[in-house]
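Chemist: predicted model and sequence follow; I will ask about them next.
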Amino acid sequence: MRAPSALVLVPTRELANQVHEELSKLSRFTGHTCVPIYGGVGIGPQADKLRRGVDIVVVTPGRAKDLMNRNDLDLSKISVVVLDEADRMLDMGFAKDLNYILSKVSKKRQTLLFSATMSPEIKQLALRQMSGPQEILVSRDEPVLDLTKQYYIVAEREAKRDTLCTILDASRPKAIVFCHTKRRVDQLTKKLLAYDYTAGAIHGDIAQNKRERVIRSFKDGSIKVLVATDVAARGLDIDAVDCVVNFDAPDEPDTYVHRIGRTGRAGKEGIAVSIFLPEERQMIREIEHRTGKPIDLLDIKVVPRPEPDIRRVSTVQNGPSRGASGPRPRYEKSGGGGDRARMPRSLPGARMDGGRPRSKAQ
């Protein structure tokens, strides 16, 4: 058995597949072999691939530890370790697994750590696992923001669902909707299905094959709304996303930038709409300071609708399906203030501001 010489640790299955795809392109003419390894699928076939010999292993921490405990992952020859999206791995609770895995690798290795943020926990990890590390700061300019029109709505907690539906009804965009928790993702997706939207959910508790089916359906257009957690959406490579909706406000400006980076790609305009609670207004100012770009207040008249009957909706984890709660209320345009943006008729590329001056967060 040829033991691997490089180990790439990633937080999610989707990112493992994406990194594997890129490494396969780079190693096309070098003869190096690479395999993606992650949980949620059978461990036996993965162990078989490792036994046949491989040069580079791209793996999630939990599955790496499982394979090590079975003596199926030999780290004795590892000379290069990459920690990709280390901040997310720590957020997901992989700190102990990372320390365990790295303790089994030679101290003479080269270690590269990539992180969108440099929290005290990340710095501690770097100091513990790296010898005299050099810090390289990459420019924070995100060209994607130049093609993304950014808007916000302030809504009470009980009005957030109807606000989201009004946004989706305005032009029926291909949209990714972000929520904080797995439970919120499931609950919101069921309600969208009950309202007869074509929606699907992805988060860490959904089986890998079902997540892949939902993502395929979103890519081919049979699902129009993808509801996701931040962690599950990491590593997704999906073009032609018309709109990103922050159903739950991001915890920090960097998370906001990562979220809205899902739209405005490949030279096409995109739209990002964030729903903030009244007590979250400060985050609007923090995001504007972080991006250096304004976020316009969107003027919409939210259409109330009855509570959906989610009993008639199949489980979210079965992938896309349609509810049966009758027709959705139509979107009605507000006649509101002169300094507010109006809801678009089409996405992307619709002019939402009507030439009006922008309204700053209060």
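Modeler: Thanks, I have the structure now.
Chemist: contacting residues for the nearest residue to residue 83 once chain neighbours are set aside?
Modeler: Distances taken as Cβ to Cβ, 6 or more residues apart in numbering place residue 113 nearest to residue 83, at 4.4 Å, with adjacent residues excluded. No exception for glycine: its C-beta is placed from N, CA and C like everyone else's. Contacts for residue 113 (Cβ atoms under 8 Å, 6 or more residues apart in numbering) come out as 82-83, 86, 122, 125-126, 129-130, 133.
Chemist: go on, residue 182?
Modeler: If you count contacts by Cβ under 8 Å, 6+ apart, then residue 182 has 203-205, 229 around it.
Chemist: of those, buried ones?
Modeler: 203, 229 (16 or more other Cβ atoms under 10 Å).
Chemist: now, which of the contacts of residue 182 sits nearest residue 54?
Modeler: Comparing the contacts of residue 182 against residue 54 with Cβ to Cβ places residue 204 closest, at 25.6 Å.
Chemist: that closest one belongs to a strand, doesn't it?
Modeler: No. Assessed with DSSP: H, G, I helix; E, B strand; the rest coil, residue 204 is coil; it does not lie in a strand.
Chemist: so it is in contact with residue 230, correct?
Modeler: No. Look at residue 204 against residue 230 with Cβ atoms under 8 Å: they stay out of range, at 10.8 Å.
Chemist: packing partners of the helix or strand hosting residue 162?
Modeler: In the assignment (DSSP states H and E), residue 162 maps to helix 160-171. With contacts defined as 3 or more Cβ pairs under 8 Å, 6 or more residues apart in numbering; DSSP states H and E, helix 160-171 has these neighbours: strand 175-179, helix 182-194, strand 243-246, strand 270-276.
Chemist: including distance to residue 308 and mean pLDDT, could those go into TSV?
Modeler: Output for these, formatted as TSV (distance: least, Cβ to Cβ, whole Å; pLDDT from 0 to 100):
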stretch	distance to residue 308	mean pLDDT
strand 175-179	16	96
helix 182-194	3	95
strand 243-246	18	96
strand 270-276	18	95
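Chemist: save these as a markdown table, and put in distance to residue 50 too.
Modeler: Listed next are those as a markdown table, based on distance: least, Cβ to Cβ, whole Å:
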| stretch | distance to residue 50 |
| --- | --- |
| strand 175-179 | 34 |
| helix 182-194 | 30 |
| strand 243-246 | 38 |
| strand 270-276 | 40 |
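Chemist: picking up where we left off before, between the helix holding residue 162 and strand 175-179, how many degrees?
Modeler: 170 degrees (axes from the mean of the first three to the mean of the last three Cα atoms, to 10 degrees).
Chemist: starting at the chain centroid, how far to helix 160-171?
Modeler: 21 Å (Cα atoms, centre = their mean, to the nearest Å).
Chemist: what angle do it and helix 182-194 make?
Modeler: 50 degrees.
Chemist: distance of residue 154 from residue 241?
Modeler: 24 Å (Cβ to Cβ, to the nearest Å).
Chemist: buried ones in the helix holding residue 162?
Modeler: 160-161, 163-171.
Chemist: now do the strands in the chain.
Modeler: 6-9, 34-37, 56-59, 80-83, 110-113, 148-154, 175-179, 199-202, 225-229, 243-246, 270-276, 296-299, 341-342 (DSSP state E).
Chemist: so which of the ones you listed is the most packed in?
Modeler: By mean neighbour count, with neighbours taken as mean count of other Cβ atoms under 10 Å, strand 199-202 ranks first of the strands of the chain at a mean of 29.
Chemist: now do the contacts for residue 88.
Modeler: 11-12, 230-231, 234.
Chemist: just residue 219 next, same as before
Modeler: residue 238.
Chemist: what's the pLDDT at it?
Modeler: On the pLDDT scale, residue 219 is placed at 92.
Chemist: for the one 10 residues further on, same thing?
Modeler: Note for residue 229: predicted pLDDT of 91.
Chemist: from residue 244, how far out is it?
Modeler: Taking Cβ to Cβ, one finds residue 229 at 14 Å from residue 244.
Chemist: what is in contact with those two at once?
Modeler: residue 178.
Chemist: count the residues that sit near residue 172.
Modeler: 15 (other Cβ atoms under 10 Å).
Chemist: quick check: closest non-adjacent residue to it.
Modeler: Per Cβ to Cβ, 6+ apart, closest to residue 172 is residue 224, 6.6 Å.
Chemist: tell me, how many residues neighbour that neighbour?
Modeler: 19.
Chemist: cool, and residue 196?
Modeler: For residue 196, using other Cβ under 10 Å, the count is 15.
Chemist: report pLDDT for it.
Modeler: pLDDT at residue 196 comes out at 92.
Chemist: got phi/psi on it?
Modeler: Backbone geometry at residue 196, expressed as degrees, to the nearest 10, gives phi 80, psi 20.
Chemist: show me the two of the contacts of residue 182 that sit farthest apart.
Modeler: 205 and 229 (9.7 Å).
Chemist: quick one, what contacts the residue nearest to residue 207 when sequence neighbours are not counted?
Modeler: Closest residue to residue 207 apart from its sequence neighbours, by Cβ to Cβ, 6+ apart: residue 40 at 5.9 Å. Listed by Cβ under 8 Å, 6+ apart, the contact set of residue 40 reads 13, 207-209, 211.
Chemist: ditto for residue 97
Modeler: Counted by Cβ under 8 Å, 6+ apart, residue 97 has contacts 61-62, 64-65.
Chemist: can you tell me which of those is nearest residue 186?
Modeler: Of the contacts of residue 97, the one sitting nearest to residue 186 (Cβ to Cβ) turns out to be residue 62, at 21.5 Å.
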